[in-house]
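Colleague: Need a 3D model of the following:
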Amino acid sequence: MIFYELSLDRLNRNWDNFYRVHFERFMNDDIGLLSSALTDMDFQSEFTINEATERLKRGYLLYVAKKRRKIIGFIWLAVNDHLLPYFNGTLYLHPAQVYGFNGYMHKDLRGLGIYNKLRSYAYRDVQKMSYKSAVGLIYAWNKVAIRAEIRLGFVPIGYISFGYCATIRFFFNSVKKNKITLHDEPLILWRKLYKRLL
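Modeller: Below is the predicted model of the structure:
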């Protein structure tokens, strides 16, 4: 997985669009619209409405794209710290930094640049709140997403490799700008097998 960082003063995109899509920071009044959007997704959402409510209470920001009073896309911006489920670790953010994740655009509107316009809007908005940079995380095989990050102005700041070698968990982190901690130990697979046998 490759970590990318965007200095918000280098953001090189605006959010003008020709598709009559409106961008805004999520308001709690729209919880019903968000619930409908999650139900309407063409794949399983990575979060529930209850988890969304908890994230908002923790200070996370949710930005949405709306068309005809429906939420057709969104992106979360985490602050302070965020659990990374891919390898059961926590990413610690600098006070003036956000982490973009769980982005989505309705299947009928993908490939039109609307999602990157939504991100541009979100990053400009948090810049007004004194945030200075944004980070993102992408699997190295996802070339389309990597090109989109670079077009938006992101630059790579390191990578993370993780997995198992002969049942021993390994983790390599070359990201120097952010602290990342693991919640699993090297022999976690053995412990899980042992517990199953009991």
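Colleague: Just the residues contacting the strand ranked longest in the chain, thanks.
Modeller: Of all segments of type strand in the chain, defined using DSSP state E, the longest is strand 155-165. Here strand 155-165 makes contact (Cβ atoms under 8 Å, 6 or more residues apart in numbering) with 1-6, 86-87, 135, 137, 140, 169-177, 180, 189. Bear in mind the C-beta positions are built from the backbone N, C-alpha and C, glycine included.
Colleague: Next step: those residues restricted to strands.
Modeller: 2-6, 135, 137, 169-173, 180.
Colleague: Pull out the buried members of those residues.
Modeller: Buried by 16 or more other Cβ atoms under 10 Å: 2-6, 135, 137, 169, 173, 180, out of the ones in strands among the contacts of strand 155-165.
Colleague: okay, who's weakest in those residues by pLDDT?
Modeller: Within these, pLDDT reaches its minimum at residue 169, with 68.
Colleague: Sheet partners, orientation included, of the longest strand of the chain?
Modeller: Note on strand 155-165: by DSSP bridges, its sheet partners are strand 2-7 (antiparallel), strand 168-173 (antiparallel).
Colleague: what is the residue nearest to the spatial centre of the chain paired to in the beta sheet?
Modeller: The centroid of the chain falls nearest to residue 101 when counting by Cα atoms, centre = their mean (0.6 Å). Per DSSP bridges, the residues bridged to residue 101 are residue 76.
Colleague: Would you mind measuring from it to residue 73?
Modeller: The span separating residue 101 from residue 73 equals 14 Å under the rule Cβ to Cβ, to the nearest Å.
Colleague: Excluding chain neighbours, what is closest to residue 24?
Modeller: Counting by Cβ to Cβ, 6 or more residues apart in numbering, the nearest residue to residue 24 once its immediate chain neighbours are dropped is residue 64, at 6.2 Å.
Colleague: Could you verify that the one you found is part of a strand?
Modeller: Yes. Under DSSP: H, G, I helix; E, B strand; the rest coil, residue 64 sits within a strand.
Colleague: Near it, how many other residues are there?
Modeller: 24 (other Cβ atoms under 10 Å).
Colleague: does it really touch residue 21, like I thought?
Modeller: No. Assessed by Cβ atoms under 8 Å, residue 64 is found out of contact with residue 21, at 10.0 Å.
Colleague: so what's in contact with those two at the same time?
Modeller: With Cβ under 8 Å, 6+ apart, residue 64 and residue 21 have common neighbours residue 73.
Colleague: List every C-alpha atom in stretch 82-96, with coordinates, as CSV.
Modeller: Provided in CSV are the C-alpha atoms of stretch 82-96 (Å, rounded to 0.1, in the frame of the first residue of the first chain):
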residue,chain,number,x,y,z
HIS,A,82,-7.8,6.4,12.4
LEU,A,83,-7.9,2.6,12.6
LEU,A,84,-6.7,1.0,9.3
PRO,A,85,-8.5,-2.3,9.0
TYR,A,86,-6.3,-3.5,6.1
PHE,A,87,-3.6,-4.5,8.5
ASN,A,88,-5.2,-3.8,12.0
GLY,A,89,-3.1,-0.7,12.7
THR,A,90,-3.7,2.9,13.7
LEU,A,91,-2.6,5.9,11.7
TYR,A,92,-1.8,8.9,13.8
LEU,A,93,-2.3,12.2,12.1
HIS,A,94,-0.6,15.6,12.7
PRO,A,95,-2.9,18.2,14.1
ALA,A,96,-3.1,20.1,10.8
